[in-house]
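> A predicted structure for the sequence below; I have some questions about it.
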Amino acid sequence: MGMVGGGRDAFIGAVHRMAAALDGQIELVCGAFSSSAEKSKATGNDLYLPESRVYGSYEEMFEKEKQLPEGERMDFVSIVTPNYLHFPPAKMALENGFHVVCDKPMTFNLTEAKELAQLVEKTGLMFALTHNYTGYPMVKQARDMIKDGKIGKIRKVVVEYPQGWLSTKLEDTGQKQASWRADPNKTGAANSMGDIGTHAENLSEYITGLKIVDLCADLHTYVEGRPLDDDGNVLLKLENGATGVLHASQISVGEENDLNIRIYGETGGLEWHQQEPNTLVVKQLEGPATIYRTGANHGYLGESAQLHTRIPGGHPEGFIEAFANIYRNFAVTLRSKLEGKDPDPKFIDFPTVYDGVRGMAFIETVVASSKSTEKWTKFKS
């Protein structure tokens, strides 16, 4: 693996590196870790990489890596930069024959997302998007139970992602993570809906298997002087006729990362909270609720949940492990392709470039709906 971004001061780059390394399937061999060549070299030194494999720019990295012999050069690149710097290196990687793992949202706008999808189709290369919450075992358990009809036809979905960290104008203090997210030139058309609303959208579609077809959005900016939304509410219509509510907020004081989802069918319901990720509550039309727990020794779990669980029950798995499941599945699938074998379908379970297109379409549709006087807006696709 090579990496673009993720220098010393970055949060998510270190998360990606830990996740990629967890199962011993991926080795970080090179990187262009910063737009500053000096900072990139310093990060490479921190990570004990040879100087010859630490680059001053992603352009230099792609050019020099593709000249190395197969088996020595990187097989894929992980892109962990701010939103506006996702598209250029992803496009260049695909054009130079490298597979891609990219942080979300995938691009700066929908036009760029569609261009990447076309490139993936043209090149046949792999592209994974790190909507990491899909990697949790209990999320996969919920998805499979719905697929198997355990709660009947879906009627209603409620998905929320409240945070409180931007309740004040933190971006004015020089805090790096806040600064670029609050800048329309770096984050894109939306802040809260782009940063965390897309996670809620993706989680809803992943678990239910149902696409959003129409929405009605109301975005707000509560912190004075902030140019983008810091809170938003969206009504949803799903393709089977079900309805939903999606709420994303970064000014919900006291909240940390309480992404949660409740799904109601004709005969039962499911409830999952990211801050208690090892628990899935299964509700029945008649009878008490049942608690499902993550655990490699829990035979009552479905195959997918067990495949994505590493240790016995009572030993919590969390955020890094969910991230790692995406990297592990990507690595196993890529290895099969490199060896000329058909990938095991069980491991072709990670968000793709098409999920990225859906995410960007969601952002643009939400922004358009919030500005419109019409009640409902057709989902762009």
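Ah, there it is.
> Now for Gly31: which residues touch it?
2-4, 6, 40, 43-44, 47, 49, 53-55, 61 (Cβ atoms under 8 Å, 6 or more residues apart in numbering). In short, each C-beta sits where N, CA and C put it, glycine included.
> Show me the strands in the stretch 51-200 of the chain, by range?
Here the stretch 51-200 of the chain has its strands, by DSSP state E, counting those that start in this stretch, at 76-79, 99-102, 127-129, 154-162.
> now do the stretch 201-350 of the chain
Counting by DSSP E, counting those that start in this stretch, the stretch 201-350 of the chain has strands at residues 212-220, 231-238, 243-249, 260-265, 268-273, 279-284, 290-293.
> low-scoring pLDDT stretches of the stretch 151-300 of the chain, where are they?
Within the stretch 151-300 of the chain, the set of residues satisfying pLDDT under 70 is empty.
> In helices, which of the contacts of Gly31 fall?
When DSSP state H defines the helices, the subset of those inside them is Ser40, Thr43, Gly44, Met61.
> Make CSV from these and add neighbour count, pLDDT and distance to Met92 to it.
Below are the ones in helices among the contacts of Gly31 laid out as CSV (neighbours: other Cβ atoms under 10 Å; pLDDT from 0 to 100; distance: Cβ to Cβ, whole Å):
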residue, neighbour count, pLDDT, distance to Met92
Ser40, 26, 97, 16
Thr43, 24, 97, 20
Gly44, 24, 97, 20
Met61, 28, 98, 9
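> quick one: which of the residues you listed is nearest to Ser34?
Ser40 (4.4 Å; Cβ to Cβ).
> what about that closest one, distance to Arg17?
Ser40 is 15 Å from Arg17, where distance means Cβ to Cβ, to the nearest Å.
> same question, Gly152
Distance, Gly152 to Arg17, using Cβ to Cβ: 42 Å.
> How about Asp229?
Taking Cβ to Cβ as the measure, Asp229 falls 31 Å from Arg17.
> can you check Leu166 too?
Note on Leu166: its distance to Arg17, by Cβ to Cβ, is 26 Å.
> Pick out whichever of the two has more residues nearby.
The residue with more neighbours, out of Leu166 and Arg17, is Leu166; 25 against 20, by other Cβ atoms under 10 Å.
> Which residue, neighbours along the chain excluded, lies closest to that one?
Leaving out its chain neighbours, the residue that sits closest to Leu166 by Cβ to Cβ, 6 or more residues apart in numbering is Gln250, at 3.9 Å.
> Enumerate every residue touching that neighbour.
Neighbour list for Gln250: Gln163, Gly164, Trp165, Leu166, Ser167, Asn191, Ser192, Asp195, Ile196, Asp230, Asp231 [criterion: Cβ under 8 Å, 6+ apart].
> rerun that using 10 Å as the cut-off
Applying Cβ atoms under 10 Å, 6 or more residues apart in numbering to Gln250 gives the contacts 161-167, 170, 178, 181-182, 191-192, 195-197, 222-223, 226, 229-232.
> and those, which of them are in helices?
Ala178, Arg181, Ser192.
> how many other residues sit next to the second one?
Read that as Arg181. Arg181 has 23 nearby residues by other Cβ under 10 Å.
> I'd say it and Asn191 touch.
Yes. If you go by Cβ atoms under 10 Å, Arg181 and Asn191 touch, sitting 5.6 Å apart.
> which residue is nearest the centroid of the chain?
Nearest to the mean C-alpha position of the chain, by Cα atoms, centre = their mean, lies His131 at 1.6 Å.
> looking at it, it is touching Ile196, isn't it?
No. Counting by Cβ under 10 Å, His131 does not reach Ile196; the two are 11.2 Å apart.
> Check the gap between the closest residue in space to Leu47 that isn't next to it in sequence and Ala20 for me.
Leaving out its chain neighbours, the residue that sits closest to Leu47 by Cβ to Cβ, 6+ apart is Leu28, at 6.6 Å. Applying Cβ to Cβ, the value for Leu28 to Ala20 is 7 Å.
> higher neighbour count, the two?
Ala20 (24 against 20).
> The more buried one and Met3 touch, don't they?
Yes. Contact status for Ala20 versus Met3: in contact at 8.9 Å, counting by Cβ under 10 Å.
> Overlap of the contact sets of the two?
Leu28, Ser78, Val101.
> Would you confirm that the last one contacts Phe127?
Yes. With contact taken as Cβ under 10 Å, Val101 and Phe127 are classed as touching, separated by 7.8 Å.
> Can you check which residues contact both of these two?
Shared contacts of Val101 and Phe127 (Cβ under 10 Å, 6+ apart): Phe76, Ala90, Ala93, Phe330, Phe350.
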